[in-house]
Structure formats: structure tokens, C-alpha cells
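Novice: Let me see the structure of the following:
(2 chains, ligands or ions: 6)
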Protein chains: 2
Amino acid sequence: MEFGVNFFPVVDPAEKSATQYYDESLRLTKVAETLGFEHVQTVEHYFSAYGGYSPDPVTFLAAVAAQTTRIRVATGAVIAAFTHPLKLAGKLAMLDHLSHGRLDVGFGRGFLPDEFEAFQVPMDSSKARFAETIEAVRRLWTEENVLWDGQFHQFGPVSMLPRPYQQPHPPIFVASATSAESCAAAGTAGHHLQVVPSVTSREALQENIAGYRAAYAAAGHPGAPRIQIKYTCYLSEDRSEALVAGAHYEQNYIDKMAEAIASWASTRSDAYPGYEKFIDKVRAFDFKKSLQDNKVLAGTASDIRAQLETIRGWFGDDLCVSLQFNPGAMPFSQSLNAIELFGREVMPHFTAVGALQEVR
Amino acid sequence: MEFGVNFFPVVDPAEKSATQYYDESLRLTKVAETLGFEHVQTVEHYFSAYGGYSPDPVTFLAAVAAQTTRIRVATGAVIAAFTHPLKLAGKLAMLDHLSHGRLDVGFGRGFLPDEFEAFQVPMDSSKARFAETIEAVRRLWTEENVLWDGQFHQFGPVSMLPRPYQQPHPPIFVASATSAESCAAAGTAGHHLQVVPSVTSREALQENIAGYRAAYAAAGHPGAPRIQIKYTCYLSEDRSEALVAGAHYEQNYIDKMAEAIASWASTRSDAYPGYEKFIDKVRAFDFKKSLQDNKVLAGTASDIRAQLETIRGWFGDDLCVSLQFNPGAMPFSQSLNAIELFGREVMPHFTAVGALQEVR
Ligand SMILES: [Ca+2]
Ligand SMILES: [Ca+2]
Ligand SMILES: [Ca+2]
Ligand SMILES: [Ca+2]
Ligand SMILES: [Ca+2]
Ligand SMILES: [Ca+2]
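Specialist: Ligands and ions are numbered 1, 2, ... in the order given. Now for the predicted structure:
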């Protein structure tokens, strides 16, 4: 297993300024690099306290790349429907160079009606836009004189600059696919996978991951598929402190998500089956159940080691677990303590390097 | 007078990799900060060796912001027609926070037919898009629940996050206006100005700047208008070395610009009067005449001090002169030597701090 750090700002400006949020996240990034985390990633959202501090993940990740030398930088994800493929291919390739080839690109479909409405993009088109954008960007990265005649974009022949640092192109991840079909399609296409266990049952996620692995192997792609799996992590020497923080910040997440998805009450899209019931699901959230189901990590180092052993048993040894250590407006000292404890007392138990040190 | 550093990559990948170009530019940025330069800026262009290494200036400037603490970061410019105002407002505000309020935003109309064609934006619409984007971004930065019903974009009510660090918003520059009307309009609107003397006669530029200052004052805007004026600078202890470099890299600029604007031969736009003759103008380029006319700076520190004194006499004492020290694929050692010489032997002659040191 490897571990990354995920920044998903569920923060109201009244609680913590954007300056402070970015500064603290950059400090955590440098600590993460020192501790041996594999990547940092961040999200794309707009307009609300549910992720709205990150309308452009590439901008934040360029700052990360400039202050680090080893840790990978990942979008988790860019929303394909909201940026022109020419623009996306260009700025991602710039980031790949600025980071000397440390970029992993997660592409997502998006799921917030308010965002689609603001960009005047029909939600029903998001799946097709997602597929078109990934393929257009991949061709812009790898070919000259690209002539693109798609459903949503037409351009060319153009030769994009810069071409990426990594050859043939930065690893492509499909973000947050929740259906078995989408996961299998990602495997067939040779893409990597980003999954969010909190929105899927354990059994469904196991099936999706198994289907993904099988499709990747069946298509004969070289190398191993990479799977990033995302959790929020509340870690402290004091179990009750960790559980209090977990209950508080998970409820904050749920409350702000509920606001951000409120328009699903009046939105229907064939492309998002069941999303109109999303609000009820969110409202039914229960922290204790979430913890029991290992959808959130919380407790002492020993508790979290046990949770991760269970997760490894369920989903595999080859996961990269992407952890959020600074949810909501958590005080920085608490996040810093958690990530340092994780690096010292949890990570070595799971990584090859750590296992070796334990043997010695 | 103040001085900034301008990065405009007129580089073919066969001559210098993007990785090397960005790395060297970041190194020059840190040197520039130490030497007391006021800003660094970079451009937005696509597809060709004429600027194509910079499809997204914000991505590069986020890396600059992360490696510096004092120097300002400026877009020079973002092209309004190619990015959605929601996206532009969001990522520029992120950069403003990442830099702790060091952002200056130059907005440009763009002028390359190939770029407009690729983005499927009619060139005739660029002036109206430019005006609409600036105003939409300004409102997204300063107001909540923005309802925008423009000619090209409709959205809202939305409240953009993050709101910028600088209040009420980052300084707005109008980039490269070449007509008296556009310069006066920028002054009336209270915007700052970025000008490129190489594309305008000295007399016309003097009139444009005078008209801009008068309009800014007449509209009663608080504070002083800021004017950034852009030159390429070839500086060496050895005059002939500087002149050889100037002749070589200015010709490189002209050759690559000629390729990038080749489609003006078959393009006509009422919104770009005279641009169809642009190619002939470019082909008629003569380095010696350009140097005599002070449209490029080249020579020893003493030569360049004399040129800047003339420029100050023509256009005013309150300019910020934005200098390119690494044109084309110039070897890094040559750029580094030039910027250090400039900081030591030219800049003190013109800045308030430098004047004070000379008195002592
Ligand atoms: Ca490893
Ligand atoms: Ca709303
Ligand atoms: Ca064409
Ligand atoms: Ca000064
Ligand atoms: Ca072309
Ligand atoms: Ca609405």
C-alpha cells in the first residue's frame, strides 16, 4: 500500500480564509513529502463551501510542484465538462513540466447541478463530454496536427504546446466512477481509477474494483493498474479527541454537501440515475455507522492500522490510499499532529519501505 | 521608474525543452526578486513557437508565487475570449491568495487567427468579449449572487469562491491596446495599462499614453494609473556580444511571429483594421533601426541607461518597464549575466531606492 494526501476544502470563508487554507495545505504538503507520502491531490468545485475554494486544481498544484521535489501531484479531479480540451491539455502539460513529470490526471464528470447550470452545460451530456475530453486531451498530448471533430468540440489541425514531460503522457485516472460499467470501461481503456468508498456500499465497490482489474488485464495493457481510494483521517494519541473531531467534521461535510446538492431536489437527469435521492442518503448520515463500515478513519494509530488492514483485505494490497488530514476548518496544529502520527506510526506498517525497516 | 521581468517564450521545442524553459525562468524570477524587480509577467499563446509554451499564464505564475515572497506576479495577458469568466475569476483569485495579494491581471483581446479558429471564437467578437469578460470577472470578484446576462455568457445568481485577497480586487490592466480610443477607454474605466512599443510608432504611443492619463484623471479615479511598458533587453559588458545576441534573437522573434501570423494573409476582420498588412510590417523588420528607435534595448549598461533615459523622457517617469532577459533559446548563463548586470548597474540609476543609494 501507498498513501497520498487529499485536499478537499469544505470550508466557509467565515471559518477560514482561502489564504490560510492554501498556506496550511502547502505546509502539510511539505510535511507529507518528508514523511514519504506518494502524492497530493485536490478537487474542482465552485460557488459553495463544499469545495468552492478549489475552482482550479491546477493552480494550487503548480504551487505544490514549485515547493516540492519528489511527491506526485494529482488532480482529483478536473471536471471535463467545464474546461476546453485545448486549455486543459495545455495547462496540465505545463504542470507536468513544472513538476518534472510528477503529474497524475484524474478526470471527473461532475455531479452538482448548480455547477452545470452556471456553465450552461446540460448534465445529460456530461458522460459524453467526459469521454470526448479525455480522448481529445490524450491526442493533443501525443500527436501533432490533431484534427478533432467531436460532438462538443471541433478544432485543428493543431499541434499543442508544450507536449507533456511524461511519455507518452501523464497517467490518466477516471475519477469516482460509481457504476460497474464505468469502472470496467476505465479498465478496458487502460486508465487508472480514483474511487470514493463513502458513496458506494463495500460489496458494490469490491465488485467494481474486481471488474476494473479484470477489464484492464483482459485488454492487455502494460504495467499494473493504479487505484487511489479516498478517506478522511482523524488521528490522535487520544482516541476520544479523534472521535469528537471525526463526528464534528464529518457532520460539517454532510451539512455543506447537503447545501451544495440541494438543487437535486428539483433536478432530474437520466445520466445520473438515483441522484434525486442523494439528499435523503446524505441526511441519513451517521458517523458511528460510517466508522463501523470503515468509510472514515478515526481513532488512535492502532485503531487506524486495524481499519487499514480491513480495507486492504477488502480491496487489495496495491491500493494508494489518499487521505484528508485537514477537513473543514480544523485547526492546523491538529492536522499537523495527525499527519505526523500517521507517517510515524501507521504508514511504516503498510509500505514496502516501512516493512523493511520493521524487519531490521 | 520601476522594472519587471517579462517571460514570452518564443522557443521551438527542438531548441529548448519546456522543462528547461520553465526552470530557467523560475531561477531568473528568484534572482529578479533579490535584485528588487517589481514584477514578473507572462503571456498566453498556443500551438506555435511564438509563445506556445505558455497556454496558461496562471499555471506558471502559481509556481512563481510559491517560490517568491515579495515580487508581484502579472498576467501579460490572459486572453479574455478563450476562458470562461467563472473559470478565470476563480483561478486568478486562487493565485491572488497563493501570492498573498501580489497579483496584477492584464487582460488581452488576442490577435492570432489560428487561436481564434481553434477555439471557434469569431475574431470580430473579441472586443465585445474582452469588455464583457473584464466586467463579469470584476463583478464575480466583488459581489455576491452575481446574475450575469451578457452577450456571450449568462449565469447566476452565483457567489464565486474564493473572493480575491486584494480588496476590492486585484489591479486590472488592459493589455496592448494600440488605438487611442482603447487607451482612453481604459483610463475612463480606471484600468491600468500594458503597452508594447515595438508595434506602435513613438508618436502614436506618446499620444495614446497621454490620452490614457487624461481619461484616467478626468474620470476621477483614486490613486495613480500604472503603466507597464515592455522591451527585450540584451545587456553585456561586451557591447558587440549584446548586439550580436540582439540581432539574432530579435530575428528569431520576427521569424516565429511571421509563422504565427501567417494566417492573416487570408484573414480579414473589421475588428482588427490593418492586421492583414501585419506580415509585411514584420518582414520589414530591421534590428539596427529598431535599436535606433529604442524599441529594443541592447548594449552595455551605459548604453541601456541612455536608452532608458530617452524612454523616460518620451513616456514618463512613472512607468514600470517590463524586460525580457531570456528571449528565444538564449543560453541561461547569458540571461543570468544580463539580469544581474541590469540590477547592479542600470536599475539603481532609475529607482527611488537606487537614487537614494547614489546620493549616499
Ligand atoms: Ca512505495
Ligand atoms: Ca446556488
Ligand atoms: Ca485551420
Ligand atoms: Ca519602487
Ligand atoms: Ca496552424
Ligand atoms: Ca439558478
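
Novice: List the buried residues for stretch A:23-42?
Specialist: Within stretch A:23-42, the residues that count as buried by 16 or more other CB atoms under 10 Å in any protein chain shown are A:24-29, A:31-33, A:35-42. (Each C-beta comes from the backbone N, C-alpha and C, glycine too.)

Novice: Then stretch A:9-25?
Specialist: Buried residues in stretch A:9-25, counted by 16+ other CB under 10 Å: A:9-13, A:16-19, A:21-22, A:24-25.

Novice: Excluding its own residues, what touches that stretch? List them.
Specialist: With contact meaning CB atoms under 8 Å, 6 or more residues apart in numbering or on different chains, stretch A:9-25 is reached by A:7, A:42-43, A:49-54, A:60, A:63, A:252-253, A:256-257, A:326-329, A:332, A:335, B:93-94, B:97-98, B:100, B:161-163, B:165.

Novice: what's the helix or strand where residue A:281 lies packed up against?
Specialist: Secondary structure from DSSP states H and E places residue A:281 in helix A:278-283. For helix A:278-283, the contact count by 3 or more CB pairs under 8 Å, 6 or more residues apart in numbering or on different chains; DSSP states H and E identifies helix A:239-260 as packing neighbours.

Novice: Can you find the helix or strand in chain A with the smallest mean pLDDT?
Specialist: In chain A, the helix or strand scored least confidently by mean pLDDT, DSSP states H and E is helix A:352-359, which has a mean of 58.

Novice: and the residue of the stretch 201-350 of chain A at minimum distance from chain B, how many neighbours?
Specialist: Closest contact between the stretch 201-350 of chain A and chain B, by CB to the nearest CB, is at residue A:260 (11.5 Å). Counted with other CB atoms under 10 Å in any protein chain shown, the neighbours of residue A:260 add up to 24.

Novice: try the one 5 residues further on
Specialist: By other CB under 10 Å, 11 other residues sit near residue A:265.

Novice: Which of the three states applies to it?
Specialist: Following DSSP: H, G, I helix; E, B strand; the rest coil, we place residue A:265 in the helix state.

Novice: what about it, distance to residue A:12?
Specialist: Distance of residue A:265 to residue A:12, given as CB to CB, to the nearest Å: 21 Å.

Novice: For the stretch 101-250 of chain A, what lies in contact range of chain B?
Specialist: Proximity of the stretch 101-250 of chain A to chain B (CB under 8 Å from any CB of the partner chain) is limited to residues A:114, A:117-120, A:154-156, A:158-163, A:165.

Novice: among those residues, which are in helices?
Specialist: A:114, A:117-118 (DSSP state H).

Novice: so where is chain A shaky, pLDDT-wise?
Specialist: Along chain A, the model assigns pLDDT under 70 to residues A:353-360.

Novice: same thing but at 90, please
Specialist: A:176-179, A:198-200, A:222, A:263, A:265-268, A:270-271, A:273-284, A:351-360 (pLDDT under 90).

Novice: Could I get the full set of strands for it?
Specialist: For chain A, strands defined by DSSP state E occupy the ranges A:2-7, A:39-42, A:72-79, A:103-108, A:146-149, A:154-158, A:172-175, A:192-195, A:227-235, A:297-299, A:319-324.

Novice: need the helices for the stretch 1-150 of chain A, in chain order.
Specialist: Along the stretch 1-150 of chain A, counting by DSSP state H, counting those that start in this stretch, helices occupy A:18-35, A:57-67, A:85-98, A:113-118, A:126-142.

Novice: PyMOL command for the buried members of the residues of the stretch 101-250 of chain A next to chain B?
Specialist: Burial among these is assessed by 16+ other CB under 10 Å; the matching PyMOL selection reads:
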select buried, chain A and resi 114+117+118+119+155+156+158+159+160+161+162+163+165
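
Novice: Looking at the residues of the stretch 101-250 of chain A next to chain B, which is nearest residue A:175?
Specialist: residue A:119 (17.8 Å; CB to CB).

Novice: That closest one: what's it in contact with?
Specialist: Contact analysis of residue A:119 by CB under 8 Å, 6+ apart lists A:81-82, B:84, B:86, B:155.

Novice: thought residue A:37 was touching residue A:6?
Specialist: No. Contact criterion CB atoms under 8 Å: residue A:37 and residue A:6 do not qualify, at 10.4 Å.

Novice: Out of the strands of chain A, which is closest to residue B:273?
Specialist: Residue B:273 lies closest, by CB to CB, to one member of the strands of chain A: strand A:154-158, at 26.7 Å.

Novice: Partner strands of the closest one, with direction?
Specialist: strand A:146-149 (antiparallel) (DSSP bridges).

Novice: For the strand it pairs with, C-alpha coordinates in CSV please.
Specialist: Only the C-alpha atoms of strand A:146-149 are listed here, as CSV (Å, rounded to 0.1, in the frame of the first residue of the first chain):
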residue,chain,number,x,y,z
VAL,A,146,-4.6,16.9,-34.3
LEU,A,147,-7.8,17.3,-36.2
TRP,A,148,-10.7,16.9,-33.8
ASP,A,149,-14.3,16.6,-35.0
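
Novice: And that strand, what's buried?
Specialist: Quick answer for strand A:146-149 (16+ other CB under 10 Å): A:146, A:148.

Novice: cool, and stretch A:306-317?
Specialist: For stretch A:306-317, a neighbour-count test (16+ other CB under 10 Å) marks A:307-308, A:311, A:314-315 as buried.

Novice: which residues are contacting it?
Specialist: Applying CB under 8 Å, 6+ apart, the contact partners of stretch A:306-317 are A:1, A:202, A:205-206, A:209, A:227, A:229, A:294, A:297, A:299, A:319, A:321, A:346, A:349-350.

Novice: hmm, which of those residues are the buried ones?
Specialist: Those of the contacts of stretch A:306-317 that meet the buried threshold are A:1, A:205, A:209, A:227, A:229, A:294, A:297, A:299, A:319, A:321, A:346, A:349-350, by 16+ other CB under 10 Å.

Novice: Relative to residue A:42, how far out is the residue positioned nearest the centre of chain A?
Specialist: Nearest residue to the geometric centre of chain A (CA atoms, centre = their mean): residue A:76, 3.3 Å. Residue A:76 is 6 Å from residue A:42, where distance means CB to CB.

Novice: anything in contact with each of those two?
Specialist: Counting by CB under 8 Å, 6+ apart, the shared contacts of residue A:76 and residue A:42 are A:6, A:57.

Novice: Only alpha carbons, please: show stretch A:122-140 as PDB.
Specialist: Output of stretch A:122-140 as PDB, limited to C-alpha atoms (Å, rounded to 0.1, in the frame of the first residue of the first chain):
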ATOM      1  CA  PRO A 122     -26.600  20.100 -19.800                       C
ATOM      2  CA  MET A 123     -26.000  17.400 -17.200                       C
ATOM      3  CA  ASP A 124     -27.200  14.700 -19.600                       C
ATOM      4  CA  SER A 125     -24.200  15.400 -21.800                       C
ATOM      5  CA  SER A 126     -21.600  15.000 -19.000                       C
ATOM      6  CA  LYS A 127     -20.700  11.400 -19.800                       C
ATOM      7  CA  ALA A 128     -20.200  12.000 -23.500                       C
ATOM      8  CA  ARG A 129     -18.200  15.200 -22.700                       C
ATOM      9  CA  PHE A 130     -16.100  13.300 -20.200                       C
ATOM     10  CA  ALA A 131     -15.200  10.700 -22.800                       C
ATOM     11  CA  GLU A 132     -14.600  13.200 -25.600                       C
ATOM     12  CA  THR A 133     -12.400  15.400 -23.400                       C
ATOM     13  CA  ILE A 134     -10.200  12.600 -22.200                       C
ATOM     14  CA  GLU A 135      -9.600  11.400 -25.700                       C
ATOM     15  CA  ALA A 136      -9.100  14.900 -27.200                       C
ATOM     16  CA  VAL A 137      -6.600  15.700 -24.400                       C
ATOM     17  CA  ARG A 138      -4.800  12.400 -24.900                       C
ATOM     18  CA  ARG A 139      -4.400  13.100 -28.600                       C
ATOM     19  CA  LEU A 140      -3.300  16.700 -28.100                       C
END
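
Novice: and it, how far out from the chain's middle?
Specialist: Averaging C-alpha positions (CA atoms, centre = their mean, to the nearest Å) puts stretch A:122-140 18 Å from its chain's average.
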